[in-house]
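1. Structure of the sequence below:
(one chain, ligands or ions: 1)
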Amino acid sequence: MSPSCGDNFCYRTYYFSESLIITLKETSNLVCDGTTGMCTWEASHVLAEWCCKEAHRFQDKNVLELGAGLGLLGLAVVQSCKPSSYTFTDLHPSVLNTLTENVQINLNKVPHDKQSAPNKDIWVDEITMKYNNTDAQIRRLDWESDSFDDQLDVILAADVVYDTEVIRQLVKTLMGTLSKQPGIAVYIASTVRNPDTYSYFKELLASKRVVTQSETHHHHQASPSQPQLSVNILHLTL
Ligand SMILES: C[S@@+](CC[C@H](N)C(=O)[O-])C[C@H]1O[C@@H](n2cnc3c(N)ncnc32)[C@H](O)[C@@H]1O
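-> Numbering: from 1, shown residues only. From the prediction side, this is the model:
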């Protein structure tokens with residue numbers, strides 16, 4: 001059984017540029033409350049930096065994020081890339097409620113000590129808010145059972161390729177959406193911890209005739225005391 005997140009939260013600030021500074025409520029636990037979604041993973045930082053440089057790919061587009069965790073990637077894209085809509089999705093109620101707090105802190109500028117604490121075990125409904133011209137939404141989406149049928153241009157995901165069962169569910173959701181809307185561009189950032197697991201993901205995609213448009217390799221080091229990690233960004237289309 002994984003530990004409880006309990007009161008083990010902190011507020012961490014991510015500096016991208018003078019105009020993009022994001023503060024997140026998060027834990028330093030890699031797994032707690034039965035999920036990997038209560039801390040921020042390096043791949044989301046790398047993909048956020050890449051998206052900010054490639055903002056034209058997201059401007060005026062409808063973007064879906066799978067496994068959004070605590071929101072670093074989406075908050076960077078919403079504030080820097082001017083998408084028409086951005087839908088943050090995840091599975092676990094603790095993740096969705098903390099993600100909601102983070103979206104409110106950064107997009108609505110609600111001070112974190114002025115927020116009402118949600119019941120972390122229940123996710124009641126989808127949440128919608130406006131940021132400049134972007135419709136930002138937070139929704140529950142389970143890759144095992146749910147489909148996403150809204151009109152989309154782009155799908156983003158960071159650090160969702162870590163376990164073969166999770167990969168099978170993720171690919172099912174991707175294929176369900178791509179087969180209905182084949183023009184969608186998909187960008188997935190992965191820290192390659194186990195090359196066999198990563199190869200399994202790419203082979204499964206190839207078996208479904210998903211095309212890899214490009215694969216770029218990045219290095220990320222959160223601080224001098226942390227190891228340098230390799231993060232790959234895949235650009236996929238059907
Ligand atoms: C390693 S975390 C990455 C979180 C975030 N993208 C980041 O990089 O910081 C993986 C995320 O995938 C979500 N996830 C795992 N299985 C899922 C499923 N079946 N449906 C939806 N989300 C899922 C988890 O809740 C978690 O937030």
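2. Check which helices and strands the helix or strand of the chain with the lowest mean pLDDT sits against.
-> Taking mean pLDDT, DSSP states H and E as the measure, the helix or strand of the chain with the lowest value is strand 127-131, at a mean of 91. Applying 3 or more Cβ pairs under 8 Å, 6 or more residues apart in numbering; DSSP states H and E, one finds that strand 127-131 contacts helix 93-107, strand 134-140. For the C-beta atoms, the positions are set from N, CA and C on the backbone; glycine is no exception.
3. how about these, which one is nearest residue 44?
-> helix 93-107 (12.0 Å; Cβ to Cβ).
4. pLDDT on that closest one, on average?
-> On average, the pLDDT along helix 93-107 is 94.
5. Equivalent analysis for stretch 215-231, please.
-> 90.
6. got the buried residues for it?
-> 218, 220, 229, 231 (16 or more other Cβ atoms under 10 Å).
7. okay, the helices and strands packed on strand 127-131 in JSON lines with mean neighbour count and distance to residue 225 next?
-> Shown next, in JSON lines, are those (neighbours: other Cβ atoms under 10 Å; distance: least, Cβ to Cβ, whole Å):
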{"stretch": "helix 93-107", "mean neighbour count": "22", "distance to residue 225": "25"}
{"stretch": "strand 134-140", "mean neighbour count": "20", "distance to residue 225": "33"}
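8. looking at those, which is closest to residue 161?
-> helix 93-107 (17.7 Å).
9. Is the ligand within reach of the closest one?
-> Yes. Applying Cβ under 6 Å from any ligand atom, one finds helix 93-107 touching the ligand at residue 95.
10. tilt between that helix and strand 134-140?
-> 170 degrees (axes from the mean of the first three to the mean of the last three Cα atoms, to 10 degrees).
11. Helix 93-107 - contacts with which helices or strands?
-> strand 20-27, helix 72-81, strand 85-90, strand 127-131, strand 134-140.
12. if you set the cut-off to 10 Å instead, what comes out?
-> strand 9-17, strand 20-27, helix 72-81, strand 85-90, strand 127-131, strand 134-140 (3 or more Cβ pairs under 10 Å, 6 or more residues apart in numbering; DSSP states H and E).
13. What residues does the residue nearest to the spatial centre of the chain make contact with?
-> For the chain, the residue nearest the mean C-alpha position is residue 68 (2.9 Å; Cα atoms, centre = their mean). Counting by Cβ atoms under 10 Å, 6 or more residues apart in numbering, residue 68 makes contact with 37, 44, 74-75, 86-91, 95-96, 99, 102-103, 138-139, 141, 156-158, 160.
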